[in-house]
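Colleague: pasting the structure only:
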């Protein structure tokens, strides 16, 4: 059998770091394997070549590869070399976005992609629709059962009745004027965002806003602070834009700004979720906010604020958007924060509408970049959404949803107390639609990580979505657990899901100890 | 007054070219100015510095700059230097995508963009909606007055009535299965595209398909053949992807493949519109098709086929898509052609749906790249469009539209014969919704170009859209004229538009000769 030429994976090493070099190589390779830029079956260059390329001792490389072999990320084949393993634990949990027909596609073979294309296509960001309806405990899924579909259908129909010929033409790339006004007013009032309608750019979901902003503001090689753990689905867009991801740890006060400054003082951007950190739920404290803004001003860096679910706070007072702190602390002196909002969580994902609020000097560039991406969002949906907001339906729906999410959160706690006490500990949550759940059994590092992956896979086979906490991390976390969404599932599903998860964990533990 | 530091614009020179160096510098600078990468007010470095940087004589640079000064692209200010002029003729014809509020935005100042961001935002690709309805002679606008809006509204309403909770969730990035099936069947039958549903990726308009394909298949610095003249609105997406545009001349047989091979044999991609070249209307001949495919196979290059309006052929037999020739000439041996279709011309632009048909080995990567861009297109619209196609409404609408376009084309010829004989000559058209119109008066090069720009501006002030032919070229064309759309305007508007255009041209000529 012939193998493809071996590759020398790119790993950037920091000799001044406290992290040993072999750990850096291990983490760098693991990240690339998990991310998919090193694909299953890729042959890794000999330790000699690899070490020479990195300028480190061969022993260092051997130590890193040994750990990856032990953890199942690599496999060694006698007389052939070392290969990236497949399927990986992480991949087991994500269905490919496109299924091949039974016999395989006729011409299927590795496509000839650009380097950027390989990065863009290496990570599947959204699994296909599950035809059985919402599954426990899929995070970042809203309560679709709660959405007033008939009311929405009426608004759409009304919109179509009043459509004129010119409404069928291309629209303003920055968005339908009425919707921009409605959004500006709403985020000003509810999130204290400092914002005029002209600063609102309507996008096809927050994903498009992120993708567009990364392309607009980052050049290949630019470093970007990523919350660690953090939001998964921006990674491929960042990697596609050529960015280098710099994980910055999150603690209970939110992103640890000083660590970011130490690791990448000249980063071009920080991706943050200050109001309700994803997935930990931490709120960025006032001193950290000040430090973050001060760094961004000094470094000339952009802060992209992902305000994905801040409407659903049910304990404590809502925290104004970071964008507002930026404006208040230096009005007129060059804003650094770009606020990104989505209607996927507050309305429904299939709508594909989101927006960003950009500083004045970015308005024109962002509108143009948005036009390059896909011109404008569908106009009827935009007009109907404007009516939904302006007629007060949106606020009514948000208020109802918040009550339901709190109810589901409490049901989640009760069910986990009942079925999973001493096995899984739910972190506190005061907002949103998901919660972090720590695995108590097997708290030692390697063991817990392996167990979490096995449980996640077994739960998936049982029809559940139970994502490992480590899935949200660029480096292996100190402690592993799960990120569990409760917002999108019924009280009944929450109760039965906890019971099923308990059975799955029990089965996995018994298999391990037998 | 203080000025910003002068810039030395990048111009790539080809010493072996038959085009004189000063012409190359002129064309390179002009392109950058028109494109907007050299913005109005930018100060150009001294001829001495500039010449040293390019490694040419100072006289060569002076000759190039003199011509740009004479044509109004540059302005000289005493004791300050040479600056990019503003507004440019080209810009006069495109409204900015975002209008500043009356007093100007409070913090407006040059934003800090990435190099890619500057490229992405430099070209405005879609003007804002004209609230007065369609204007003569806006090209690439369909007959919106013909679209069965009420039928469409009924299909949308029906879709909403049968919506289930899971329909509100994220959808398959590659598109709604039913729509992919409907598209595959339709393009197989009507355009002879060789295609299975799995190869169809539904996008938010053709623009998103182009943008996604460029990012997926091109790396910065890759060269791309562009038809000269060619489709304007892909340029910013190509430039944003870091591509180098290589203009390849088009004659009556379509793109001149041998010239492309001479200029950039190792290009990574060719952007072509073989069935009905935009804007000349040429059909790529069989020998040229064969040559293009042979080159692409040898070079490992991709061919992106923009099949924007081939349904609207009213003379001669429809020509199968180039994609089909590719498949037939080497079945199973690695397809090179990616077919891009749009519903903006066949349905209406505000729908924002398009698609591409990719070779099997690209399916997964394209679906992932599409997900990175904006996950999936809105699901209700996709389902309604599938029903529209499968129920036969789409074909009925296409048949009606073709008859109307032919009628409008004939009205266009009659009106121009009546009002503009001897002044403007319409080229022959056998398909589509636009036609090239050559300016007869002032056929000498520089003079015609100036006159065309003046007429275009004056027509714009008179409420018309009369784009210069040179707008579709990367280098100044030998002969200038206009690209006039008739598909989107009524018979009455065509007649009165021709009359108004005749008056405008008359006024401009008299002003010139008085």
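Modeller: Yep, that arrived. Remember, it's a predicted structure, so these values are computed and weren't measured experimentally. Numbering: from 1, shown residues only, chains lettered A, B, ... in the order given.

Colleague: Quick check: mean pLDDT of the top helix by length along chain A?
Modeller: Under DSSP state H, the helix in chain A containing the largest number of residues is helix A:393-420. For helix A:393-420, the mean per-residue pLDDT is 95.

Colleague: Are it and chain B in contact anywhere?
Modeller: No - among the residues of helix A:393-420, none lie within reach of chain B under C-beta under 8 Å from any C-beta of the partner chain; the closest is 12.8 Å away. Backbone N, C-alpha and C define where each C-beta goes, glycine included.

Colleague: How far does that helix sit from its chain's centre?
Modeller: Shown here is helix A:393-420, whose average C-alpha point lies 22 Å from the average C-alpha point of the whole chain (C-alpha atoms, centre = their mean, to the nearest Å).

Colleague: again with stretch A:158-168
Modeller: The answer for stretch A:158-168 is 36 Å, by C-alpha atoms, centre = their mean.

Colleague: Give me the phi and psi for residue A:221.
Modeller: Recorded main-chain torsions at residue A:221 are phi 90, psi -20, according to degrees, to the nearest 10.

Colleague: from memory it sits against residue A:266, does it?
Modeller: No - assessed by C-beta atoms under 8 Å, residue A:221 is found out of contact with residue A:266, at 11.3 Å.

Colleague: Is residue A:201 part of a helix or strand, or is it coil?
Modeller: For residue A:201, the secondary structure call by DSSP: H, G, I helix; E, B strand; the rest coil comes out as strand.

Colleague: In the stretch 51-200 of chain A, where is pLDDT below threshold?
Modeller: Residues of the stretch 51-200 of chain A that meet the criterion pLDDT under 70 lie in A:67, A:69-72, A:78-79, A:86-111, A:122-132.

Colleague: all helices for it, in order.
Modeller: Assignment of helices within the stretch 51-200 of chain A using DSSP state H, counting those that start in this stretch yields the ranges A:58-70, A:89-92, A:115-122, A:149-161, A:177-191.

Colleague: Same check on the stretch 401-514 of chain A?
Modeller: Along the stretch 401-514 of chain A, the stretches classed as helices by DSSP H, counting those that start in this stretch are A:445-461, A:491-513.

Colleague: Against chain B, how distant is residue A:246?
Modeller: With the distance defined as C-beta to the nearest C-beta, to the nearest Å, residue A:246 ends up 17 Å from chain B.

Colleague: Where does that residue fall, secondary structure wise?
Modeller: Using DSSP states H and E, the element containing residue A:246 is strand A:244-251.

Colleague: Now do the buried residues in that strand.
Modeller: Buried residues in strand A:244-251, counted by 16 or more other C-beta atoms under 10 Å in any protein chain shown: A:244, A:245, A:246, A:247, A:248, A:249, A:250.

Colleague: for stretch A:414-429, same thing?
Modeller: A:415, A:416, A:419, A:420, A:423, A:424, A:426, A:427, A:429.

Colleague: for those, which one is nearest residue A:379?
Modeller: Checking the buried residues of stretch A:414-429 against residue A:379 by C-beta to C-beta gives residue A:429 as the nearest, at 37.7 Å.

Colleague: surely the closest one meets residue A:435?
Modeller: Yes - the pair residue A:429 / residue A:435 is scored as a contact, 4.4 Å apart, by C-beta under 8 Å.

Colleague: Determine the residues that are contacts of both of the two.
Modeller: Counting by C-beta atoms under 8 Å, 6 or more residues apart in numbering or on different chains, the shared contacts of residue A:429 and residue A:435 are A:281, A:409.

Colleague: Against chain B, how distant is residue A:273?
Modeller: When distance is defined by C-beta to the nearest C-beta, residue A:273 is 19 Å away from chain B.

Colleague: and the closest residue to that residue other than its chain neighbours, what are its bridge partners?
Modeller: Once flanking residues are discounted, residue A:273 sits nearest to residue A:306: 4.5 Å by C-beta to C-beta, 6 or more residues apart in numbering or on different chains. When bridges are assigned using DSSP bridges, the partners listed for residue A:306 are residue A:340.
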